Structure formats: structure tokens, C-alpha cells
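> Provided below are the primary sequence and the corresponding predicted coordinates.
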Amino acid sequence: MDDLKQNAPSPLSGHMRPPEMVMQLDRMGASFPTRLSFLRTLIRRLHQDKSSVSRHLWDMDANGYGRAVYTITIGRHDYSLVCFAHHLDPEDRTDRVIAEKWDATFTLYDGIPTTADLDRLQANVPLQEAGRVGPRELVLSRANKSVRLFEDVVATLAAGQQPDLQKLFDTGYLMRTTAVYGNGKFGLADRAALADRDGLTGAFQVEMLTVWLIRGFTHDLADHVARARAPDTAVTLSAPSKRALGIGNSTGLGMAPFVIAHPALVHAWVSARESALALVRALPAASRAEIAAFDAALRKARDHVAVWVVPDPLQMDRINQLQGDLTALAALLKTGFLSGPNPWDRLHQAASAYGLEAQECIAALTLEPYGDLIDELADGMQAGVPERLDGAMTVGTLRALIKTMYQWALKIDFRLPSATHQFWYVSEEKAEPRLGVRTEEPGGDLELPLDVARQVQRLMLVLRDRDRDEPVALLLAARPDLRHIVERVQMSLRYPFGEVQGNLICETCRPIDLLRFKLAFFGASRFDPKSDRWTRITLCQGAPLHDEIATADPDGWAFYAPMATG
Amino acid sequence: MTAPSLNEVARQVTGAAQGLGWPTGISRDVGAAAAWLCGAAGVDGVQNAMDALTGARNRPELRRGDNGRWHLRGPTTLTLPSALDLALTGETTVIVEQPDSPMLAFGLCGWAAQQTGRIVVMEGAVTARIYGGKIDGPPHLVPGADLTLFAAGPAKTRPAPRISRAFPDPTAWAAAQHAAAQMRVPATAASRERGAGPVGIDAD
């Protein structure tokens, strides 16, 4: 057992939060974006490269239907967002993944497309899942207008005025994506094709690049339609107006199984974030500049939270508590709290008295002053080829590993109906993951293997009857059905942050916690749950615009609140 | 259709294997092996995998021979993962008796070599050396022969990224799609009512 513990990552001077704390579902469901989130990393990279975006093609009619191409150069490679804007009947406008038509469809093209490429793409990209794309296409996406805001913005611009900033912030976007596909789906290039692409090798970087480029397209589209409607009076969106408009996203259950299916990758994300936090907590003192930077970040966070209003009563309660906790924290800091020794470690100890939202928010804020110390950790937030299981490990060692790493799973009483109340399955419609109630819906026999805790218990039962010196290779020759869970348990030793420590099939499981966890790593804000199974969020709100990416502060948009920050 | 990506091959074959009732861990290995065959060896991994997945599925027999070597007999889908588990412990040579799908055996060895960065040597039913997932020339196949397998390594170099496309036999691809669909469940109205996604028309 001691050997197993010695193999686990060593805590950073005792400041590392353990997996049994950070991989709990309720805490994951309180996640905030940090400066290591993928959008933040992308924007910093584009800024450092002094990137510029050029609009290669703008072929739109007066209604804003047509096609456009935006090109950006990253690491000596050109990438082009190809946009198709369509007429969409109101009855066809839905965020559901089974939709077949959208206001706009997109692909990120590897290079600069020719007219022939554009014609090929026009025949396929608007069809999304029903079309086929090829190895030059890196990402496939689509978006629907926020109809009320889009029309309001166009009408206001056409009248020669800027839209109300508060109104822009409240909705947050002119369009929201309903899917952003990558990594080989529907014929797209495999992720391996980007392995040597400097600047885009990090987690979800091409997807985030696509989203950021789409955001700029939505600004241009509103300007175009306003100008076409009133050529003599129309004005274009001002930079502050554009900054207030990010890009929305609707996300449902399809995202949740990803977190379970990629333990090595999730470990890379979480261990980077937790290592960053531990590095900061281990600092013996904070300089005046660092304290000032934290104070500024906290002020922005308080402003941001003050205008974070959602209809969901549970989430609104949590936001209200967060507001109160941040107010209490601000009062504490006025006492000179951060001027003493070990300020960040003491801060986190003090924050443990607050709610989970505040604890995770403070963790994110703590990282803000320390880019030089932690930003390089983002380079490790990816995973390579999945490792093969170790056939030489003995049954006895595997048993010990389970007792060490899966205590949380062994404690669950699966004899209780509530412990197996739900099951995950793949729907016939578009092959998307879904969640059913075992006693009420068909398909339990086709359950996805997301019941990790239950599988671990079943494995443990088998192991009890085997010779402790037997190698796992022989066990699996006799029981190939255990291969998946044995491999997973072995991975927990190298990837302790890769396992969600919760029962994903119990009655009280809230998939929304998994969604927020993943979306926070993307850099999403304005989390707006519509049920415990799907949510809307905002990406890029406040982020530098296409024409200012080289000059604007790449990190100044965290916890964006336009009325406070301008 | 456009030639599928390697990720599509892996997902499709994995889903097909699960739809045909193979265990999850085995299904993933076979899916990855099919993609490796397509990407690293230029072989139709889909057809070879589907042939094996729809063939025999009897429980493998494992025994220690007089020479101390492990012998496995049974469907390639089950014997090769176990043979590799044993060979990669580094202590033994493993003999797979008359593998029913030498090419899938090659794919499973290739994927294992890529995962581990080890050198995997195959002789008999398939003769090939795989260096961390990179092959040293095309494999030589002798159907009906036994396969002797051992692992050395580690390989000095990792293979270059796989960026090629797959060109599977259309019939095999369709069979894989059909088999994968066996794992899918009709979404219910109850699921929708519990909030699996937006309801009705969005016009906010």
C-alpha cells in the first residue's frame, strides 16, 4: 500500500488539494474559468503572436444570407473560418441537437479555401451531421441567432445609435452555437493532424479558435444587415458594444460522458489547475503589486456576479450566496489580511468557511496575479495515446489500489434502488448520450459503462476469490469482461484527478455538474442552467476583438462586467 | 462518402464490437487496432475487424506448454489482448495457436506497441516487427500457422502522427454501422420532459 502511495503525485508542500476534494460532483458543479482555461490560453497565444484576422470574403445579401471567410495565421499556418448564413423559418429554430437547420453554419478550414473548396463546403457544411467534410476541415459548428437581441441591435444600429450596453451584456451574444465538433467527427481531420501545429496543440484550441472567430462574424453580420436596411443612417457596432457580445452556447448531456471517458485528459486539466493553485498557496508572501492585482480581480468578480442573474432558482440561490461570501471576503481583505505571511494559503483556509461557489471563485481569482508563475502549466493540459494496462500487476496490488483510490466507490450501497435509479444510453437520434430512469424507460440493457463505482465493486468481488499473486494478465484471460474496469483502476494510480468521485447512476446525480466542470475549463461564463441536464453559457464575452487581439490586454476580460470595466 | 477519419474508424468499430456483444475493453482495443491498421499500415482495418468480430467467440483456452511458454487458443479478438498482456510483462514468449484473423492480430500488436513504445515481434501466422507502433515493412501472413509473439524494447523512436484517411470496404463499413446501431435506444418523451434539452422553438 505504501508503494502505491509513493507512486502518486507528490503534493506541493502540502498545498495541493486532493482528488477526493476536487473531484466531488458538487464541487465540480461550482467550477469557474481560470487563466488556464482554454479560451484564455488561446487569446494569450494570439496576442503574443501579434495575430491578425483578415476577412477574405464577404458575400452576403441585404438580409445577411450568404457566405464569408475569415483567415488568421498561427505558427506559419493559415486557418480560415468559413461561414454560411441562412434563412431559417422560426419554427425550425431550436437548440436541440436533433435540429436540421440553423441560422448559420461554419467550418474551420486548414489553409485558405479556393472557390471550389467553398462550393464543396457549401454543399455539406449547412447539413452538419448529415453532410461530409474532409481532412482539410478541422472543426464543424452551427449557431442560431438570439432573435430578439439580433433584431434589436440591427434596428438600433440602423437608426444610427449604439445598442444599450446593459442589454447586450444581459443576453451576452448575438448567436449561440449548438455544437462545435472536432477530432475526426463527420470526416473532419483527426486531432493527430494538428500534433505539429505550433499554437494549436493544446486542449480544444481549434474549437476555441473557431468560437472566437464566429463571434467576430456575428458582429459583422449585424453591422451588414443594419447598413443594408438603412444605408444613410446606420452605424456600426462600437468596440465596447462588440466586447459586450460574446458567443452563446447551449450544451446538454452529450458533453457529460466525455468527462468519464477521458481520465488521462481530465487529470491533465485538473492537475494543472491544482498545481497552479498549490504553487501560489506555497508563496511565503505577496508583493503590493500582487495584492493590488488580486484586489482588482476580486472587484471585477463582484461586479460580474452582481449582474449574473439566471431564472433557475437553485443556481440563483448559489449566486446570491456567492455574492454574500465575496462581500465578506472583501471586508476581510481590508484588514490587511494578505500582507501577512503565507497569504494565499491562509486565504484558502479562510475561504473554506464559505460556500463551494465562493471557494472555487477564490481559487480562480488567486491565480490571476501570477501568470508568470503558472501560465506554462497550460502546456501540459493534454493527453497522448492512452496507456495500455499493466498485465504484470498482481491481483493483490490491484485490490490494494482499489482500497486506496476507490474508497468512495466501495462505500456506495448498490442494493438500494436509488443507487442505480438512472442509466446512460446512446439515443437513436443522432447517436447522442442520454439519461433514462431505469424503472420507467427502455434501454437499461444497453447502458453505457459510466457506472464506474458499481463496476469497481463488481471487480472487487471477483478479486476476493483470486490468488493475490496472480498477474492481471491471467485474470483477464479468464475474465475479458473486466478488461475495461481493470484498465481504469490502474490508470487511477497515474491519473488520480481523472476520476469523478461520484455515482453517476444514482437518483441524485446532476449531470449539470459535469457540464459546468468541463465548460469552465473551456473558459465559459454566465452559467445559466435550464434544467439539471442542459445549460446555456457565454464564451468570449469581453474578450479582445479580431482587430485588437495584438494590442489589447489578453487577460483583462476575466469576470467581465461592462458597466464596471467599460 | 468521404473516406472516414481514423477517429471515425475507431469509434465505429468499437461501437460495432459492443453492438455485437463483445466486452467494452475488448471492443476499444479492437476499434483502436482497426484505426491503427488503416493509419499506420494502410490496411482495411474495418473489414478485418468486422470479419473477426462476426466470427467465433468461444472462450479462449490458456495453458503453459512444456517449454514454459504460454499457449492461447481461441478467437483473435480475445486471445491477442491476453497474449499481449502476457508478452508485455517482458518475461515470456506467447504462442497464439492458429489465430483466425492474422491481420487483426497484427493491428492489435501495432496498437499495443504504439501505446507502450515497445518493440513487438511477431513470427509465424504473421511475421512483422513493430517499433513503438511503426512497422518495419509489410507483414508476411501465413494463414493457419501459429503465431509466436514476444515484446522487447523500448523502441528508440515514437511513430510519426497518423494523419491518413481510411478507405474501408463499403459493405464492411455498412455492417459496422448496423452493428453499432444495436447499442442505441430510442429517446423517450419522459427523457425530454425531464429536461434533456430545450423544448419547442427557441426565439429568445
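It's in.

> domain-wise, how is chain A divided?
Domains of chain A are assigned by automatic domain parsing as A:49-143+A:177-232, A:395-498.

> turn those domains into CSV, including mean pLDDT, distance to residue A:14 and mean neighbour count.
In this view, the C-beta of every residue, glycine as well, is placed from N, C-alpha and C. As requested, the domains of chain A are exported to CSV (pLDDT from 0 to 100; distance: least, Cβ to Cβ, whole Å; neighbours: other Cβ atoms under 10 Å in any protein chain shown):
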stretch, mean pLDDT, distance to residue A:14, mean neighbour count
domain A:49-143+A:177-232, 94, 28, 20
domain A:395-498, 95, 16, 19
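
> export those as TSV, with columns for distance to residue B:78.
Putting the domains of chain A into TSV (distance: least, Cβ to Cβ, whole Å) gives the following:
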stretch	distance to residue B:78
domain A:49-143+A:177-232	27
domain A:395-498	5
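
> ranges for the strands of the chain?
Looking at chain A here, since you left the chain open. Assigned strands in chain A, in chain order: A:53-60, A:66-74, A:77-85, A:104-110, A:137-145, A:173-181, A:246-251, A:422-427, A:433-437, A:525-529, A:535-539 (criterion: DSSP state E).

> um, chain B though
Using DSSP E, the strands of chain B run over B:61-64, B:70-73, B:94-97, B:119-124, B:126-131, B:134-135, B:140-141, B:147-152, B:184-185.

> neighbouring strands - and their directions - for the first one?
Here strand B:61-64 is paired, per DSSP bridges, with strand B:70-73 (antiparallel).

> doesn't residue B:174 make contact with residue B:16?
No. The criterion here is Cβ atoms under 8 Å, and residue B:16 misses it with residue B:174 at 10.6 Å.

> neighbour count winner among the two?
Remark: of residue B:16 and residue B:174, residue B:16 carries more neighbours, 30 against 12, as counted by other Cβ atoms under 10 Å in any protein chain shown.

> tell me which residue is most central in chain B.
By Cα atoms, centre = their mean, chain B has its centre lying nearest to residue B:30, at 2.3 Å.

> give the contact list for that residue.
Applying Cβ atoms under 8 Å, 6 or more residues apart in numbering or on different chains to residue B:30 gives the contacts B:13, B:14, B:17, B:22, B:49, B:52, B:53, B:77, B:104, B:108.

> picking that back up, what's the closest of the domains of chain A to residue B:42?
The closest of the domains of chain A to residue B:42 is domain A:49-143+A:177-232. By Cβ to Cβ, the value is 15.4 Å.

> span of that closest one from start to end?
Domain A:49-143+A:177-232 has an end-to-end distance of 38 Å (criterion: Cα to Cα, to the nearest Å).

> wait, does that domain make contact with chain B?
Yes. Applying Cβ under 8 Å from any Cβ of the partner chain, one finds domain A:49-143+A:177-232 in contact with chain B at A:90-91, A:93-97, A:132-135, A:183-193, A:195-196.

> from residue A:499, how far out is the residue in the stretch 351-500 of chain A that chain B sits nearest to?
Residue nearest to chain B within the stretch 351-500 of chain A: residue A:483 (2.7 Å; Cβ to the nearest Cβ). Applying Cβ to Cβ, to the nearest Å, the value for residue A:483 to residue A:499 is 17 Å.

> doesn't residue A:324 make contact with residue A:302?
No. Counting by Cβ under 8 Å, no contact exists between residue A:302 and residue A:324, whose distance comes to 10.8 Å.

> which of the two has more residues huddled nearby?
residue A:302 (19 against 13).

> any idea how far chain B is from that one?
27 Å (Cβ to the nearest Cβ, to the nearest Å).

> which residues touch the closest residue to that residue other than its chain neighbours?
Spatial nearest neighbour of residue A:302, excluding adjacent residues (Cβ to Cβ, 6 or more residues apart in numbering or on different chains): residue A:326 at 5.1 Å. Residue A:326 makes contact with A:298, A:301, A:302, A:305, A:358, A:361, according to Cβ under 8 Å, 6+ apart.

> in a markdown table, list those along with pLDDT.
Output for the contacts of residue A:326, formatted as a markdown table (pLDDT from 0 to 100):
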| residue | pLDDT |
| --- | --- |
| A:298 | 97 |
| A:301 | 97 |
| A:302 | 97 |
| A:305 | 96 |
| A:358 | 98 |
| A:361 | 98 |
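
> those residues of the stretch 451-566 of chain A touching chain B, which are they?
Counting by Cβ under 8 Å from any Cβ, the stretch 451-566 of chain A comes close to chain B at A:471-474, A:476-478, A:480-487, A:530-534.

> just checking, which of those belong to helices?
In helices, judged by DSSP state H, the following of those are found: A:472, A:473, A:474, A:476, A:477, A:478, A:483, A:484, A:485, A:486, A:487.

> ok, the fifth one - contacts?
In this structure, residue A:477 makes contact with B:60, B:62, B:72, B:82, B:85, B:86, judged by Cβ under 8 Å, 6+ apart.
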